[in-house]
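> no sequence for this one, just the structure:
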């Protein structure tokens, strides 16, 4: 493992490894209903891994990766649905805040240990870390990024009371669903630490059997009920990040999009 210690170099290394196709990721389908609609989404069944390590990403890098994977950052509501739907549901793995390579590897190892303890070999994992999300707060604070997650069920976790999830997906087996990290904009889009992983939702989704784009649902006055507790959004990507165009990476095949011949 040759992850650079300097964050800017590490993020370039992660992006280069993804572009080379040397990463681990796969989609899994979840279904839920709201507003009289039935939606199917494809979400990454675990955080993005390189050399078996769940890599840390800034909001900027996560948006870059979403562009390459034809995917989107999640919303708080979708992250709540992922937690409720997960076959491998684990408790948070907090540590002393750090952005070092060692802390990234340690956190991933801690998540592995929690998953192994479940005795379940496959299925959706939640939460393997905290998410960078799309949120209405980004409309008023375009220079910031919004993070969210570390779900748990019950009144508290290791003495932490947490915050009630903002969506209606707030109960699990009769217990309240909470998060340690509410939707907050304390960081800019370049921040990265051990807890910030990359778990995305594919842009390709279905509503009542009709294929849609996730970004279409985000802005739709009716269909946004499926994806966002705040209603329709004006932002469908991390503000301030230019779209990466010209290449799509499918799991695990890389496709180069050629410019049209004139």
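Happy to help now that I have it. Given the structure is predicted, the values throughout are model-derived calculations rather than measurements.

> quick one: average confidence on the strand or helix carrying residue 145?
With elements taken from DSSP states H and E, the one containing residue 145 is strand 144-153. Mean per-residue pLDDT for strand 144-153: 97.

> elements contacting that strand?
helix 59-68, helix 76-85, strand 130-134, helix 137-140, strand 175-188 (3 or more Cβ pairs under 8 Å, 6 or more residues apart in numbering; DSSP states H and E). Every C-beta, even on glycine, is put in place using the N, C-alpha and C of the backbone.

> Next, the buried residues of the first one.
Neighbour-count burial for helix 59-68, with 16 or more other Cβ atoms under 10 Å as criterion, is recorded at 59, 60, 61, 62, 63, 64, 65, 66, 67, 68.

> now, among these, which is nearest to residue 228?
Set against residue 228, the nearest of these by Cβ to Cβ is residue 66 (16.4 Å).

> Hmm, that closest one is touching residue 199, no?
No: look at residue 66 against residue 199 with Cβ atoms under 8 Å: they stay out of range, at 10.7 Å.

> on that earlier part again, who does the strand holding residue 145 pair up with?
Using DSSP bridges, the strands paired with strand 144-153 are strand 130-134 (antiparallel), strand 175-188 (antiparallel).

> Name the next helix or strand downstream of that strand, please.
Of the helices and strands lying after strand 144-153 in sequence (DSSP H and E), the nearest is strand 163-164.

> partner strands of that following strand, parallel or antiparallel?
Applying DSSP bridges, one finds strand 163-164 paired with strand 175-188 (antiparallel).

> got the angle for the strand it pairs with vs helix 59-68?
In terms of direction (axes from the mean of the first three to the mean of the last three Cα atoms, to 10 degrees), strand 175-188 departs from helix 59-68 by 110 degrees.

> and strand 175-188, which residues are buried?
Buried residues in strand 175-188 (16+ other Cβ under 10 Å): 177, 178, 179, 180, 181, 182, 183, 187.

> Need the residues you listed in JSON lines (columns: pLDDT and distance to residue 209).
Output for the buried residues of strand 175-188, formatted as JSON lines (pLDDT from 0 to 100; distance: Cβ to Cβ, whole Å):
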{"residue": "177", "pLDDT": "97", "distance to residue 209": "29"}
{"residue": "178", "pLDDT": "97", "distance to residue 209": "34"}
{"residue": "179", "pLDDT": "97", "distance to residue 209": "32"}
{"residue": "180", "pLDDT": "97", "distance to residue 209": "37"}
{"residue": "181", "pLDDT": "96", "distance to residue 209": "35"}
{"residue": "182", "pLDDT": "96", "distance to residue 209": "35"}
{"residue": "183", "pLDDT": "97", "distance to residue 209": "31"}
{"residue": "187", "pLDDT": "96", "distance to residue 209": "39"}
